[in-house]
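S.K.: next input, structure requested:
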Amino acid sequence: MKLSWLLTSLLIILTSCTPPTQTNNNNRESSTDSTQETASNPETKTSNETTPSATDENSENETSQSTPKDTASSNPNQATQKLAPPPSPTQTISANSIGEAKIGMTLGELKTLLKDEAEFKVVTPFMVDLDAISVSKNGEIQYYIAYFSYEPITDSDPIKILLTDNPNYRTSAGVGPKTLVKEAESVYGDAKLKYNSDYESREYIEFAQQPATNIVFRSNGSLAASKGFAGIYGNSKDEYGSYFETTKYRDDAAISSIMIDGSRL
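M.R.: Prediction:
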């Protein structure tokens, strides 16, 4: 019995000392070779790395090459009128006329000239102390015939004041409503912007070489405008603190309307 026990013990010892099988060795060698190959080949990607696609690269290039939008040009209220001759002779602004309307001709004569082409409509109030008659074609106002509120105009009365804010109307030099001040300066010389708080703070533009003394340029700025005045002002120029003038102005400073004042002829 002792011999049987001894044989059994020897069998257990021999079994526990048996070397690993060949299959396990092959698996370890395969795993080791694979690891070494990956380490030795820098072009091999691990499963956590992502190779950028052509679409991704194009998107990155487009993003890096894109430029910010020009907010000034995209603003619908921004003046964009370039210097160009009037589209037609009937849309010309001169020292004594805007389109077909002329200083000195009667309102009745203008109505006869335009016949059924235009619609005449009273606008009241037009501005402080002034009323006006708008002259429209195809539903669009072309210009205004202004007059003092206390002196209504009749068909037999002469036209004394004309005004337009329609950008299709321009001087022979191509300047009209919505023309930038800096562009108008290229034909009329340096601009001076001014206003007087005693006269509703209307802001006007005067050029060194005015096309005529009775042509009045109104700016696109005002005390009530969201951006304020078009000019950049310092201290007042008179002892009352009411008159201001400057040669400095915003980049978007522009002409908003042009008036022909017959009293200055």
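S.K.: show me what counts as buried in the host helix or strand of Val135.
M.R.: Assigned by DSSP states H and E, Val135 belongs to strand 130-137. By neighbour count on 16 or more other C-beta atoms under 10 Å, the buried set for strand 130-137 is 130-135. Heads up, the C-betas are built off the backbone N, CA and C, glycines and all.
S.K.: got it, and stretch 174-186?
M.R.: 174-181, 183-185.
S.K.: how about low-confidence regions in the stretch 151-265 of the chain?
M.R.: Scanning the stretch 151-265 of the chain for pLDDT under 70 picks out no residues.
S.K.: which parts of stretch 97-113 are buried?
M.R.: Here stretch 97-113 shows 97-103, 105, 107, 109-110 as buried, counting by 16+ other C-beta under 10 Å.
S.K.: no wait, stretch 167-174
M.R.: Buried, per 16+ other C-beta under 10 Å, within stretch 167-174: 168-171, 173-174.
S.K.: which of the buried residues of strand 130-137 sits closest to Arg218?
M.R.: Leu130 (13.0 Å; C-beta to C-beta).
S.K.: any idea what that closest one is bridged to?
M.R.: Applying DSSP bridges to Leu130 gives these bridge partners: Met127, Phe148.
S.K.: let me see the contact set for it.
M.R.: For Leu130, the contact set (C-beta atoms under 8 Å, 6 or more residues apart in numbering) comprises 146-149, 161.
S.K.: which of these are buried?
M.R.: Here, 16+ other C-beta under 10 Å leaves 146-147, 161 buried among these.
S.K.: run through the stretch 1-150 of the chain and note the low-pLDDT ranges.
M.R.: Applying pLDDT under 70 to the stretch 1-150 of the chain flags residues 1-81.
S.K.: go again with 50.
M.R.: 1-77 (pLDDT under 50).
S.K.: farthest-separated two in the buried residues of stretch 174-186?
M.R.: Every pair of the buried residues of stretch 174-186 checked by C-beta to C-beta; the farthest is Pro177 and Glu185, at 16.3 Å.
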